[in-house]
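Participant: Based on what follows, work out the 3D shape:
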Amino acid sequence: MSSEDERIRRVERQLAAAQQITHLGSWEWDARTHAVTWSDELYRIYGFEPRSREITFEFFVSRLHPDDRDRIQHEVRCAVERGGRFSYPERIVRPDGEVRELETIGEAVHDRDGRTVGLIGTCRDVTDQRRRDEMIRLYADIVRHVQIGLAVWSVPAPEDPASMRLVAFNPAAEAIARMPLAAETGKSLRAILPYAAGGRLEGLIGEVARHGQVCEATIERSRDPANPSGALTVKAFSLGAGRVGVAIEDVTESMRARLMQDREHRVLEMIASGAPLPVILTTVIVAMEEHSPGSLGSVLLLDGDGAHIRHGAAPNLPEAYVQAIDGATIGPAAGSCGTAAYRRQPVYVDDIEADPLWADYRDLARASGLRACWSTPMIATDGRVLGTFAFYHREPRAPTVEQRQLMDRATYLAGIAIERQQIDDQLRALAARVEAVREEERTGIAREIHDELGQALTALKMDLAWLTRRMTGESSASGTTLLEKIGAMSTMTDELIQHVRRIAADLRPGVLDDLGLRAAIEWEAEQFEERTGTSCRITSNLADEQPMDRDLSTTVFRILQEALTNVARHASAERVDVTLDAEGGALRLVVSDDGRGISPDAARSPKSLGLLGIRERARRHGGSATVTGGSPRGTTVRVELPLAEDRRGRS
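Facilitator: The predicted model follows:
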């Protein structure tokens, strides 16, 4: 074999190796004979052993993906007709069913007359490359769109923090840094974020650069002076070649939510344990101020008269301002808090200097450096206004949605604390009133026993002694005299029995047990008329002796007694109408008078212990009680209680 032949073979071997390495196969098609020639690598690309079968144009077409066949045949025809170079992508199907993607580049072969006599070209298998490219694009999209900040830092000298330089970043990293970073690439960490010098982020990057281990930390307070309340989680990991990747997530909102939840739990624990109200309200305000930097919180309580507001808590407001507004009157133009309490709806004043609601308080606010005030009323479960929660600011500003939500939470918590204390106060007052009533009853019974029963019994004892002396012969008396004395003693005994019955009736009227609820109410109405001179008319659809649950009868009777007592004490009424009806599984008692009437605030006041007692009796029996003032005069007490069988059906 000549050296030239050896050189040619060597070149062919090198070409075959190069094709195999690059997954590049060559082919040739003779348009005159339709003969097709493939290189060994092209056989392998198509999934066949080299030269394992004859190749024809029809076979080539059969291996194309069905969706590509028409297009590729069109490409071949165009190449033959146009001549010159051509290229197109194609998909083939290997014998095992695997689909591969190819890039075909070719050129027309011409004869001496310029006619196209065939095509020659190469096919490169780009399947794996395209998969890699697609994966890279996918990762790039993930990095670009992920909400976690990602950055790569070059750290050639791990012991020198000044050597940390920015290599790459994603948009989320710019959002967390609060600045564009394109112009910062190549700059040091300290040059880009001066406040990070000596901080936890710098320390994590240096630690990973030195030891190669993953490090992570939570930064509860950012060093960024523009975002001091920001919270971050940071994870740093080695990328090799002196580079460190950093993943940073802004967890400010979740951290705030967790801290707020912790504070709320703390406040609820304080409420449950009976902590002093000023301490609870101060805790609520401080928690809200921490979640809204720059805000100054305040809680005002509506006075018992429903017309004035009193200081509840304001740990960071100027003391002079707090004292000045304590006791202010609520109204349609009484600043933010007084107006909110009057309107029973939130009032947001963005600029105190320009808002007419602050006309009477503008100088006071200006002297204290206050320029904005947002206030929301605290409403009790029974509809009463308890007070207001407010945020003040030292510059004009409107509340954000988040700040409004924060105020709603503060209002809710403070309202629970205030209402709980009022309930505790009511319970203590009720307990004291019950004890006072019991003591008053004991005193009255003791007085009547001493003054009336005691004297009557003493007189009887003296008369018995007189009879004894006369009947034992110590002194004589005629039969007529003895009979007169016995008659007088009998009369006194009858009076004594009446006294005992009246005392017993005061404790619990026997008519209630003997004749039923309707008869007992009619008896009580007669007693009320005798005591007060006020006409009392009864209307009822109950039968005279209709059977009634004993507890229910007692509850209705005591409620009536309390309602009539209130009429006698406060109403100055001339007439009272009492209606007692049983209908639809419920018993309804309505007591209406024509007196001077009761105001809505007095009807809902927690200090109205008699009305509170009526509501509590009704509530214990599973019912409800309402008290309303008439128009223009009078007061009506409406009580609805479930009948005994109805209550058993629900138990």
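
Participant: contacts, neighbours, all on C-alpha from now
Facilitator: Fine.

Participant: contacts for the host helix or strand of residue 290?
Facilitator: Assigned by DSSP states H and E, residue 290 belongs to helix 277-291. For helix 277-291, contacts defined as Cα atoms under 8 Å, 6 or more residues apart in numbering pick out 256, 260, 263-264, 267, 270-271, 295-299, 312-315, 406-407, 410, 413-414, 417-418, 421.

Participant: Show me where the stretch 401-550 of the chain dips below the pLDDT cut-off.
Facilitator: Counting by pLDDT under 70, the ranges of the stretch 401-550 of the chain that qualify are 426, 428-461, 463, 466-479, 482, 485, 496, 498-514, 544-547.

Participant: Name the nearest residue to residue 591, ignoring sequence neighbours.
Facilitator: residue 578 (4.6 Å; Cα to Cα, 6 or more residues apart in numbering).

Participant: and the helix or strand hosting that neighbour, which residues are buried?
Facilitator: In the assignment (DSSP H and E), residue 578 maps to strand 575-583. In terms of neighbour count (16 or more other Cα atoms under 10 Å), strand 575-583 has its buried residues at 575, 576, 577, 578, 580, 581, 582.

Participant: Just put those residues in CSV and tack on pLDDT and distance to residue 174.
Facilitator: Shown next, in CSV, are those (pLDDT from 0 to 100; distance: Cα to Cα, whole Å):
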residue, pLDDT, distance to residue 174
575, 90, 80
576, 91, 77
577, 91, 77
578, 91, 76
580, 89, 75
581, 88, 74
582, 86, 73
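
Participant: from those, which is closest to residue 538?
Facilitator: residue 578 (4.9 Å; Cα to Cα).

Participant: The closest one touches residue 563, doesn't it?
Facilitator: No: counting by Cα atoms under 8 Å, residue 578 does not reach residue 563; the two are 10.2 Å apart.

Participant: where do the contact lists of the two overlap?
Facilitator: residue 591.

Participant: Quick check, central residue of the chain?
Facilitator: The chain has residue 409 as the residue nearest its centroid, 7.1 Å off, counting by Cα atoms, centre = their mean.

Participant: In terms of helix, strand or coil, where does that residue fall?
Facilitator: helix (DSSP: H, G, I helix; E, B strand; the rest coil).

Participant: Repeat that for residue 103.
Facilitator: strand.

Participant: can you tell me how far it sits from residue 124?
Facilitator: Residue 103 sits 5 Å away from residue 124, going by Cα to Cα, to the nearest Å.

Participant: Of those two, which one has the most company?
Facilitator: Under the neighbour definition other Cα atoms under 10 Å, residue 103 and residue 124 were set side by side, and residue 124 has more, 20 against 16.

Participant: Tell me if I am right that that one is in a helix.
Facilitator: No: read with three-state DSSP, residue 124 is strand and lies in no helix.

Participant: just the strands in the stretch 301-450 of the chain please.
Facilitator: 309-313, 347-349, 372-379, 385-393 (DSSP state E, counting those that start in this stretch).

Participant: So which of these is nearest residue 154?
Facilitator: strand 385-393 (44.7 Å).

Participant: For the strand holding residue 578, output the C-alpha coordinates as CSV.
Facilitator: C-alpha atoms of strand 575-583 as CSV (Å, rounded to 0.1, in the frame of the first residue of the first chain):
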residue,chain,number,x,y,z
ARG,A,575,-100.3,53.2,84.4
VAL,A,576,-98.6,49.9,83.8
ASP,A,577,-99.8,47.2,81.2
VAL,A,578,-98.6,43.6,81.7
THR,A,579,-99.1,41.1,78.9
LEU,A,580,-98.4,37.4,79.4
ASP,A,581,-98.8,35.1,76.5
ALA,A,582,-97.8,31.5,75.5
GLU,A,583,-97.5,31.0,71.8
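
Participant: What strands line up against that strand, and which way round?
Facilitator: Strand pairing for strand 575-583, determined by DSSP bridges: strand 535-540 (parallel), strand 586-593 (antiparallel).

Participant: For the stretch 151-300 of the chain, give me the ranges with low pLDDT.
Facilitator: Using pLDDT under 70, nothing in the stretch 151-300 of the chain is flagged.

Participant: Tell me where it has strands.
Facilitator: 165-169, 215-219, 232-240, 243-250, 296-302.

Participant: out of these, deepest packed?
Facilitator: Mean neighbours per residue, mean count of other Cα atoms under 10 Å, is largest over those for strand 296-302, with a mean of 26.

Participant: now the angle from that strand to strand 385-393?
Facilitator: Angle of strand 296-302 versus strand 385-393, following axes from the mean of the first three to the mean of the last three Cα atoms, to 10 degrees, is 160 degrees.

Participant: neighbouring contacts of strand 296-302?
Facilitator: With Cα under 8 Å, 6+ apart as the test, strand 296-302 has contacts from 281, 285-286, 288-289, 308-317, 337, 341, 385-393.

Participant: Make a ChimeraX selection of the buried ones in these.
Facilitator: Remark: buried members of the contacts of strand 296-302, expressed as a ChimeraX selection using 16+ other Cα under 10 Å:
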select :281,285,286,288,289,308,309,310,311,312,313,314,315,317,337,341,385,386,387,388,389,390,391,392,393
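
Participant: any idea how this protein splits into domains?
Facilitator: Taking automatic domain parsing as the domain assignment, the ranges for the chain are 3-128, 146-250, 260-427, 509-650.

Participant: could those go into a markdown table alongside distance to residue 487?
Facilitator: Converted to a markdown table, these look like this (distance: least, Cα to Cα, whole Å):
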| stretch | distance to residue 487 |
| --- | --- |
| domain 3-128 | 130 |
| domain 146-250 | 97 |
| domain 260-427 | 54 |
| domain 509-650 | 29 |
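
Participant: With respect to residue 488, which of those domains lies nearest?
Facilitator: Using Cα to Cα, the nearest of those to residue 488 is domain 509-650, at 28.1 Å.

Participant: Now do that closest one: distance to the chain's middle.
Facilitator: With Cα atoms, centre = their mean, to the nearest Å as the basis, domain 509-650 stands 40 Å off its chain's centre.
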